[in-house]
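Colleague: I would like to see how this sequence folds:
(chains A and B)
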Amino acid sequence: MSIVRVDDLDFHVQQAGSAPADSAQPPVYLLHGLMLGNLVGWYFTISPLLAKERPVVMYDLRGHGKSQLTATGYDLDTMSGDLGGIIDATRADHDQVDLIGHSWGGLVALTYALRHPQRVRRLVLIEVPLPPSNVGEMKRFMELSPKEMLEKLPRSSQKGFLAGGRQTLRLMRSLSKLIRKTSILADFKAAQDIPDCYLGLLNVPVLALYGTQSPCRPIGARLAAVLPNCRHVEMDAGHNLYAEAPQHTADLINHFLGTVPVARETMAVH
Amino acid sequence: MLQTKDSILDTIATLIREVIGEDWVDEININHNTSFNGELELESIEFVALAEKLQNHFGDDINFVGWLSEKELEEIIALTVGDVAEFIASCQ
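Modeller: Numbering: from 1, shown residues only, chains lettered A, B, ... in the order given. Prediction:
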């Protein structure tokens, strides 16, 4: 397990594909959603498919998976700062990186891109809720007990959460800790909308992926209308579309990220 | 160096015990038929740790993650230690 320390906090990081230092392609960073999410959601779904073409870096957000739990700091400001620290520790010589975020992880990536547009080459937003806490179904989900949350999971995304006594118990325990001992729910509820005039300044190419069966669906149309450089694709799936249709999702993303031509002087001579 | 299936199985059992790191797993006889989801009740994030250890031990030719990611949910639920041992033997 690789641990990256950012501002005295330990983050669990996993890499797939070639190492950023050995690759001409910029690394892509994958950011999971809140509460039930951790890097496993990517690890056995789209990560291996993306890693065939580029270095992949995944990490557990603070308080999630095997990253350190903190009492506070689940707001987008702090979490995009975490992302900045992870990028700086792992990007090797790449001045620009690609970002992919699902749900809240997408908001973290979007916040980072708005602050550091020069650092982000391409941005993929999957099912990002905006305003963050204003999607009725998401809000109701966040108010459920850990047990109810688990029951709501679609079967396809349970690939990462095999049902069983010990597994369920451990997942419930970490969810309860997150809800009872941290500011996560308060931070989620307090998150403000990002105004259209601000989004309109984002000069980074964006791919917005939304599911036709998801409550977040209308937000995709808003992003497509407001962002200056946005490709909007709807998939016949729900909120966890990358777990429901990993191959299709990875194909769309690999096509959007493309391959960066290798500069002549950096090409290996055989 | 090529390993026999039995020695692969022993190695996997050792790595599983390291990953789980709880006393009860020392008492369990880990064999070909031991199920990850059944007897071991391995958490998905523990699978990630196991994948990393398998890679470190058996080398980069073992694409355990790629192999696993092509499986359906039902196949993963039914996965046994023997399945993984056979996969690793087939890569050597």
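Colleague: residues in contact with residue 61?
Modeller: Just going to use chain A. A:31-32, A:34, A:37-38, A:67, A:79, A:82, A:104-105, A:108 (C-beta atoms under 8 Å, 6 or more residues apart in numbering or on different chains). For glycine as for every other residue, the C-beta is placed from the backbone atoms N, C-alpha and C.
Colleague: wait, chain B
Modeller: Per C-beta under 8 Å, 6+ apart, neighbours of residue B:61: B:91-92.
Colleague: That one belongs to a strand, doesn't it?
Modeller: No: Residue B:61 is assigned coil when assessed by DSSP: H, G, I helix; E, B strand; the rest coil, not a strand.
Colleague: can you count the residues close to residue 55?
Modeller: In the absence of a named chain, this looks at chain A. Look at residue A:55: counted by other C-beta atoms under 10 Å in any protein chain shown, it has 26 neighbours.
Colleague: wait, I meant chain B there
Modeller: The number of residues near residue B:55, taken as other C-beta under 10 Å, comes to 15.
Colleague: Could you list the low-pLDDT ranges of the stretch 51-200 of chain A?
Modeller: A:134-136, A:153-164 (pLDDT under 70).
Colleague: As PDB, could you dump the C-alpha coordinates of the worst-scoring helix or strand of chain B on mean pLDDT?
Modeller: Within chain B, judged by mean pLDDT, DSSP states H and E, the helix or strand with the poorest mean is helix B:73-77; its value is a mean of 81. The C-alpha trace of helix B:73-77 is given here as PDB (Å, rounded to 0.1, in the frame of the first residue of the first chain):
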ATOM      1  CA  LEU B  73     -20.200 -10.100  -9.900                       C
ATOM      2  CA  GLU B  74     -21.500 -13.700  -9.500                       C
ATOM      3  CA  GLU B  75     -18.000 -15.100 -10.400                       C
ATOM      4  CA  ILE B  76     -16.300 -12.800  -8.000                       C
ATOM      5  CA  ILE B  77     -18.600 -13.900  -5.200                       C
END
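Colleague: which residues sit in contact with residue 32?
Modeller: The chain I'm using is chain A. Contacts of residue A:32 (C-beta under 8 Å, 6+ apart): A:38-39, A:41-42, A:58, A:60-61, A:64, A:102-103, A:105.
Colleague: um, chain B though
Modeller: Residue B:32 neighbours (C-beta under 8 Å, 6+ apart): B:9, B:80-82, B:85.
Colleague: In helices, which of the contacts of residue A:61 appear?
Modeller: A:79, A:82, A:104-105, A:108 (DSSP state H).
Colleague: Quick check: residue A:121 touching residue A:203?
Modeller: No: using C-beta atoms under 8 Å, residue A:121 is not in contact with residue A:203; the gap is 11.7 Å.
Colleague: These two: which has the busier surroundings?
Modeller: residue A:121 (19 against 12).
Colleague: Which of the ones in helices among the contacts of residue A:61 sits closest to chain B?
Modeller: residue A:105 (16.3 Å; C-beta to the nearest C-beta).
Colleague: Do I have it right that the closest one meets residue A:37?
Modeller: Yes: using C-beta under 8 Å, residue A:105 is in contact with residue A:37, at 6.9 Å.
Colleague: before we move on, back to that, please see if the least confident helix or strand of chain B touches chain A.
Modeller: Yes: residues of helix B:73-77 contacting chain A under C-beta under 8 Å from any C-beta of the partner chain: B:73, B:76-77.
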